[in-house]
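Colleague: what would the 3D arrangement of this be:
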Amino acid sequence: MFKRRIITVVAFFLCVVFPVFSQHKTIEAKNNIPLDSIRMSDPFVLADKKSNMYYMTGTGGLLWKSKDLKFWSGPFVIAKPDPQSWMGQTPMIWAAEIHEYKGKYYYFATFTNEKTTIDDKKNNRRASHVLVSSKPDGPYVPMKDETYLPESMSTLDATLWIDKDKKPYMIYCHEWVQNNNGTVEKIELKPDFSGTTGKAKILFRAKDSPWSKQNENGFIEPNKVTDGPWVFQTKTGKLGMLWTSWVYNVYTQGVAYSESGTLDGPWIQEAEPITPSNFGHGMMFRTFDGKLLMSLHSHYENNKGKYIRVPKFFEVDDSGDKIRIGKIYGR
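Modeller: Numbers count the residues shown, from 1 in each chain. Predicted coordinates:
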């Protein structure tokens, strides 16, 4: 069960994340880089109609730009967290997302301060947080509140959803390394996203999944990991959520659907994964010509024992009550 942490560290360096650890390090951006040549975990794509540009970010916090989803320019450093905050001078950045809302752009990401611990398990302080910018390519800077979620909680992979009550919510995971059974939770955001308000609510737990598995001392049971929640709505109005876990040592993505049509659920887990094995941490976006795509990363081990994570796009059919995954985009 420590595999996830090891894999993540390897992925960081494959993504050239080490420069992100230093806010004073410069990175040389390049042009016309094919998608398959980019090494990135948790790829998130913003299709920005104002600039007619696709922006891709993810673990590492770096940004790539493209006009056609095939060739990209980058990487660019866009996050500027406060070095005097709890994040410290050189926080790790995981699972970054960019959301446009009422004329501004919001950077949802997981920040980790490796120089602090928060509990008797010696877990580093890790939390979902939001930065803001007037432009999709940043720079993204802090807002009012220093803390969005309790200091004592290890949280990650935050995303945004505007529910039927018209209120914005942060959806995130409380990490399994702390609570021993990962959860997906929601908490209401302030209207300007500068902080959170009210109490958090658990939407579901890792053990609710019928498809995830682990071998615990010879017993087969649901896996403990919850990763990468992404909320969506089909064309029929059905509310669903992508999320990722493991089937033994295979990174795997599933999907759940809300019976109430709201975040409050109850959330019913599909019996089988939604994507092929060794793909995960997905999100969905529409291209400028209206095609729905799922962005996620492939996850495999090369012949030197290194884990490689490459962004991939799948075509998606959302015309019914449940999404269906098609071919890899561009093939």
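Colleague: ok, now how distant is the residue located most distally from the centre of the chain from residue 121?
Modeller: Computed with Cα atoms, centre = their mean, the residue of the chain farthest from its C-alpha average is residue 218, at 31.5 Å. Applying Cβ to Cβ, to the nearest Å, the value for residue 218 to residue 121 is 24 Å. Any C-beta I mention is one placed from the backbone N, CA and C, and that applies to glycine too.
Colleague: any idea how far residue 306 is from residue 123?
Modeller: 26 Å.
Colleague: more crowded one of these two?
Modeller: residue 123 (17 against 13; other Cβ atoms under 10 Å).
Colleague: touching, the more buried one and residue 113? I think so.
Modeller: No - the criterion here is Cβ atoms under 8 Å, and residue 123 misses it with residue 113 at 11.1 Å.
Colleague: confirm that residue 89 sits in a strand.
Modeller: No - per DSSP: H, G, I helix; E, B strand; the rest coil, residue 89 lies outside any strand segment and is coil.
Colleague: lowest-pLDDT helix or strand in the protein?
Modeller: Of all helical and strand segments in the chain, the minimum by mean pLDDT, DSSP states H and E falls on helix 3-14, at a mean of 38.
Colleague: buried residues in the host helix or strand of residue 254?
Modeller: Using DSSP states H and E, residue 254 maps to strand 250-258. By 16 or more other Cβ atoms under 10 Å, the buried positions in strand 250-258 come out as 251-258.
Colleague: pull up the pairing partners for the helix or strand following that strand, direction included.
Modeller: For strand 250-258, the succeeding helix or strand toward the C-terminus, using DSSP H and E, is strand 267-269. Strand 267-269 has its sheet partners listed here by DSSP bridges as strand 250-258 (antiparallel).
Colleague: now do the partner strand: everything it contacts.
Modeller: The contact list for strand 250-258, computed with Cβ atoms under 8 Å, 6 or more residues apart in numbering, reads 204, 209, 211-212, 228, 238-246, 264-270, 272-275, 277-282, 296, 299, 321-323.
Colleague: convert the C-alpha atoms of it to CSV, please.
Modeller: Extracted in CSV, the C-alpha atoms of strand 250-258 (Å, rounded to 0.1, in the frame of the first residue of the first chain):
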residue,chain,number,x,y,z
VAL,A,250,-3.1,-1.8,-11.3
TYR,A,251,-4.2,1.8,-11.3
THR,A,252,-7.9,1.8,-12.3
GLN,A,253,-10.7,4.3,-12.7
GLY,A,254,-14.3,3.8,-11.8
VAL,A,255,-17.5,5.9,-11.9
ALA,A,256,-20.5,6.4,-9.6
TYR,A,257,-23.9,8.0,-10.2
SER,A,258,-26.0,10.1,-7.8
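Colleague: next up, the contacts around residue 180.
Modeller: With Cβ under 8 Å, 6+ apart, residue 180 has these contacts: residue 224.
Colleague: against residue 174, how distant is it?
Modeller: Residue 180 is 11 Å from residue 174, by Cβ to Cβ.
Colleague: now do the same for the residue farthest from the centre of the chain: its pLDDT.
Modeller: pLDDT, residue 218: 92.
Colleague: ok, residue 207 - contacts?
Modeller: Taking Cβ under 8 Å, 6+ apart as the test, what residue 207 contacts is 181, 221-222, 224.
Colleague: let me fix that: residue 244
Modeller: Residue 244 is in contact with 225-228, 251-254, 280-282, counting by Cβ under 8 Å, 6+ apart.
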